[in-house]
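Novice: Sequence isn't available, so here's the structure alone:
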Ligand SMILES: [Cu+2]
C-alpha cells in the first residue's frame, strides 16, 4: 500500500515522484519531461492538472482481504454518519434494503401505493468510498412496523429489483436482484466511479417507469478516497449533508380534487400507467410527500457551516437553486472526478441523474432549496426549507431604508 488514499493527486512533488516510478524510461518523451519540470510546483498548479490517477494498490486490492463492515440505513433527507476521507483500504460495506409496498397520502386526499426501498421515498443513501464493495441484501417484504396502509396480510404483491447506476454490469444489478414477494437476494458490486448516483427498481417493460414513479428510487454516495476537492484541487469538507429526492407522481384523480383509491400496488397499475402516458405529473414532491421538508422535517444549519446539497431525480429534469445563497462549488452531474464549477445560481439534474453542491452559509434566515421551475416548486411542492441561525452581516446585505411613503423627485 502507498497509503490510505485511493487516488494520487496529479500535481505536486509526491505525484511527480510516484509517476516517474511508474513510467518506464523507454516511454519518457522529452515532452513528458518538460511538463513534469513545469508542473512540479504546488503553488502554480494549472487547472489542467486537476485530474487524479488511480492508486493501483487500491484498485487491485483483493476483496478477500477487505474488512467487512455494516452500515445502518437512515431515512432521507439524512445520511448515515460517515468519514469524508478513506483511512483504511477498500472495504466490503454491507447494507440491507427491505422493499415495502404501502399506501401513502402524498398530498391532502391524494393516495398512492408506493414501492419504498427501506420504507422510505426516496430510498436511503448508502455512503461508501470509491473502490469499496457494496454488499446489498435486497428483501421483497419486511417485518418492520409500517405506519401506512398495506395489503391485508401485510405482504407485497409484485417482484422488484434494483439497478445501481454506480455499478457496472448486468443491468446495474437489475438482472441479478429480481425477487418475488417473500424472497431476498444478495448482490455485491464494486464502486468504481466516484459521485452521487441514482438507483431504482427496474423489473422490465412498463414496470420500470411504474415502479420508479411510485417511489422506487434513491441514490448512493460514492466519495473519492481523498475526499471532495474544489476547482483548485483543495480539500472540501462539509459539516452537514442533506439529500433531496425529487419525485414526480401520476395519480389517477377524481373530479373532486381527491385521488382514486386502490386495494394495492397491482390494482393501481393500469389506471396510473394511463396517466403516465400523458407525460404530465399530477404531483411533484421532495422527499416523497407534500410538506415533507417544509413542515414535517426541519432542516437546520448555522452560519459558517458548509452543507453538502445532494439532489436526485430518477425520471425527470430538475434545476436546483438555493434562494439567498449559491452553489459555492457544484460538481457537474454530481460526479466528483470532474472539477466542480464555482459560484453557480442554478444547476442541472438530468432524468436518472443527480447534482451535488456545497454552500457555506453567511447569513441567518430561512433558505428555500428548490427546483427553480417555480411552478414545480410552488404550485406543486418541489422545495425544502433550511433554517439557518448565527447572525446577520449588514455589510453583505441590509435594508438601507425601510419602506416609507414614496418621495417626489
Ligand atoms: Cu419495484
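Specialist: Arrived safely. Everything numeric in this text was worked out from a predicted model, so none of it was measured.
Novice: where's the residue of the stretch 51-200 of the chain found nearest the ion relative to residue 255, distance?
Specialist: Among the residues of the stretch 51-200 of the chain, residue 160 lies nearest to the ion; the distance is 3.3 Å by CB to the ion. Heads up, the C-betas are built off the backbone N, CA and C, glycines and all. Applying CB to CB, to the nearest Å, the value for residue 160 to residue 255 is 33 Å.
Novice: now swap in residue 363 and tell me
Specialist: Going from residue 363 to residue 255 by CB to CB gives 46 Å.
Novice: Among these two, which residue is more densely surrounded?
Specialist: Neighbours per residue, other CB atoms under 10 Å: of residue 363 and residue 255, the larger number sits with residue 363, 16 against 5.
Novice: three-state assignment of the more buried one?
Specialist: Put simply, residue 363 is coil when judged by DSSP: H, G, I helix; E, B strand; the rest coil.
Novice: again, but for residue 174
Specialist: Classified using three-state DSSP, residue 174 is helix.
Novice: That one is in contact with residue 162, isn't it?
Specialist: Yes - between residue 174 and residue 162 there is a contact under CB atoms under 8 Å: 6.7 Å.
Novice: Of the two, which one has the most company?
Specialist: Ranked by neighbour count (other CB under 10 Å), residue 174 and residue 162 place residue 162 first, with 29 against 21.
Novice: residues contacting that one?
Specialist: 97, 117, 136, 138, 172-174, 177, 187, 199-202 (CB atoms under 8 Å, 6 or more residues apart in numbering).
Novice: Tell me where the model's unsure across the stretch 1-150 of the chain.
Specialist: 1-48 (pLDDT under 70).
Novice: tell me which parts of it are close to the ion?
Specialist: Residues of the stretch 1-150 of the chain lying close to the ion (CB under 5 Å from the ion) are residue 115.
Novice: and what of the stretch 201-350 of the chain?
Specialist: Going by CB under 5 Å from the ion, the residues of the stretch 201-350 of the chain near the ion are 201, 211, 216.
Novice: Drop anything exposed from these.
Specialist: Among those, those scoring as buried are 201, 211, 216 (criterion: 16 or more other CB atoms under 10 Å).
Novice: For the residue nearest to the last one when sequence neighbours are not counted, give me its contacts.
Specialist: It stands for residue 216. Excluding its sequence neighbours, the residue lying closest to residue 216 (CB to CB, 6 or more residues apart in numbering) is residue 201, at 3.5 Å. The contact partners of residue 201, by CB under 8 Å, 6+ apart, come to 99, 115, 117, 160-163, 208, 211-212, 216-217.
Novice: quick one on the thing from earlier: correct me, but the residue of the stretch 51-200 of the chain closest to the ion touches residue 211?
Specialist: Yes - counting by CB under 8 Å, residue 211 is a contact partner of residue 160 at 6.7 Å.
Novice: Quick check: neighbours shared by these two?
Specialist: Contacts common to residue 160 and residue 211, judged by CB under 8 Å, 6+ apart, are 115, 201, 203.
Novice: now, among those residues, which is nearest to residue 249?
Specialist: Distance to residue 249 across the shared contacts of residue 160 and residue 211 (CB to CB) is lowest for residue 115, with 12.8 Å.
Novice: Does the closest one belong to a helix, a strand or coil?
Specialist: Per three-state DSSP, residue 115 ends up strand.
Novice: That one touches residue 213, doesn't it?
Specialist: No - with contact defined as CB under 8 Å, residue 115 and residue 213 do not form a contacting pair (10.1 Å).
Novice: rewinding a little: I'd like the contacts of residue 201 written out as CSV, with secondary structure added.
Specialist: Formatted as CSV, the contacts of residue 201 follow (three-state DSSP):
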residue, secondary structure
99, strand
115, strand
117, strand
160, strand
161, coil
162, coil
163, strand
208, helix
211, helix
212, helix
216, coil
217, strand
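Novice: So which residues of the stretch 151-300 of the chain form helices?
Specialist: Remark: helices assigned in the stretch 151-300 of the chain by DSSP state H, counting those that start in this stretch are 207-213, 265-277.
Novice: Give the rounded mean pLDDT of the first one.
Specialist: Within the predicted structure, the mean pLDDT of helix 207-213 is 98.
Novice: swap in stretch 345-353?
Specialist: Mean pLDDT, stretch 345-353: 98.
Novice: which residues sit in contact with residue 274?
Specialist: Neighbouring residues of residue 274 by CB under 8 Å, 6+ apart: residue 252.
Novice: how close does it get to residue 382?
Specialist: Taking CB to CB, one finds residue 274 at 24 Å from residue 382.
Novice: what's the answer for residue 219, then?
Specialist: Distance of residue 219 to residue 382, given as CB to CB: 16 Å.
Novice: pLDDT value on the nearest residue to residue 86 once chain neighbours are set aside, please?
Specialist: The shortest distance from residue 86 to any non-neighbouring residue, by CB to CB, 6+ apart, is to residue 225 (3.9 Å). Looking at residue 225, its pLDDT stands at 96.
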